[in-house]
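Novice: give me a model of this one.
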Amino acid sequence: MTWLNAIAQGMLLGGIFAMAAAGLSLIFGVMRVANLAHGDLMILGGYVASVAAVSLHIPVALTVLVSMAAVGGLGYLIQRTLLDRAMGLSEFAPLMVTFGISVIIPNVLVQLFSNDSKPLGIGSLGTASIRVGSDLAIGWFPLITVGAAVAVLATLHLFLYRTQSGRIVRATADDRAVVRLMGVDNRKVYALTSVIAFATVALAGTLYTMRQGGVTPYEGQLNVLFAFEVVIIGGLGSLWGTLAGGMVLGIAQSVGAQISPDLPLLAGHLVFLAILVFRPQGLFGRSVLA
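Specialist: Model (predicted):
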């Protein structure tokens, strides 16, 4: 039962990982840009939610929408003012832009809020759980997070495959030159993609902050590593692979923690390296945005 509990807790942790990586997978699949600021944008989403709740007295449940709107809007501005120009220069330039953003965000947060944890409490929901047997309990909020991750990925899938805008996004991911010849402005497609990806990572950051009870400025540096590992484990450009990758990484870390408190991160990294060696295309590595 102890090991079963570790696996269950790992799957719940995987929900956060999957949601955090969904936007990264989308941006890479469509724009071929590795967003090094992804983890810091996730933490920024948590800070926006915390400020909205603590300083503006907005109900905690509504801070999710505030955070998604604010960070999604920031994504639009970054894409139209910085990344569009960088993508026209070279393949390396967008990487440097996102690296610069990843340096700026935590330093600005430190200047505004110091290094102290920024709280975002959810009351009794944070400790409420479902008892399954005598030794196994599943937290309500982690369960909600997994449900939210599945809902986000399902919504993205429906958007990409059932809407005209989604089909254009997929076509741009396959061959941007042909789509441009058909009269579609790639910059608008990239802006839409960035808004969706940034809003998604803001949602992940808000739920992460709620789960942790607070957030600090430099947590994004580790979260971006987890996000890249999830995307690569699941398969580059595969949205549902992202969910599988999150579960695999979460279970690896949870089982590692069960073996020894010093092993969670190492266990996750070892599983990531094993996938990279034996199945470099990932578990669900297929065509772009499969």
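Novice: contacts and neighbour counts: CA atoms only from here.
Specialist: Noted.
Novice: for Val33, give me its contacts.
Specialist: By C-alpha atoms under 8 Å, 6 or more residues apart in numbering, the contact list for Val33 reads Ile27, Pro94, Leu95.
Novice: you'd agree the last one is up against Ala34?
Specialist: Yes - with contacts counted by C-alpha atoms under 8 Å, Leu95 reaches Ala34, the gap being 6.3 Å.
Novice: mind listing which of the contacts of Val33 are in helices?
Specialist: For these, the ones inside helices are Ile27, Pro94, Leu95, with DSSP state H as the criterion.
Novice: most surrounded residue in those residues?
Specialist: Pro94 (24 neighbours; other C-alpha atoms under 10 Å).
Novice: and the closest residue to that residue other than its chain neighbours, what helix or strand is that in?
Specialist: Spatial nearest neighbour of Pro94, excluding adjacent residues (C-alpha to C-alpha, 6 or more residues apart in numbering): Ala86 at 5.1 Å. Assigned by DSSP states H and E, Ala86 falls within helix 84-89.
Novice: check contacts around the residue lying closest to Gly23 once chain neighbours are set aside.
Specialist: Closest residue to Gly23 apart from its sequence neighbours, by C-alpha to C-alpha, 6+ apart: Ala197 at 3.9 Å. By C-alpha under 8 Å, 6+ apart, the contact list for Ala197 reads Ala22, Gly23, Leu24, Leu26, Ile27, Gly72, Gly75.
Novice: that older thread, check the contacts of Val33 against Gly241 and report the nearest one.
Specialist: Taking C-alpha to C-alpha as the measure, Gly241 lies nearest Ile27 of these, at 14.9 Å.
Novice: is it true that that closest one touches Ala191?
Specialist: No - checked against C-alpha under 8 Å, the pair Ile27 and Ala191 is beyond contact range at 10.3 Å.
Novice: okay, the residue of the chain positioned farthest from its centre: pLDDT?
Specialist: Within the chain, the residue lying farthest from the chain centre (C-alpha atoms, centre = their mean) is Ser134, at 33.6 Å. Here the pLDDT value assigned to Ser134 is 71.
Novice: what about it, distance to Thr2?
Specialist: 11 Å (C-alpha to C-alpha, to the nearest Å).
Novice: report the set of residues contacting both of the two.
Specialist: Residues touching both Ser134 and Thr2 by C-alpha under 8 Å, 6+ apart: none at all.
Novice: and Gly123, how many neighbours does it have?
Specialist: Gly123: 11 surrounding residues under other C-alpha under 10 Å.
Novice: over to Val184?
Specialist: Quick note: Val184 (other C-alpha under 10 Å) scores 15 neighbours.
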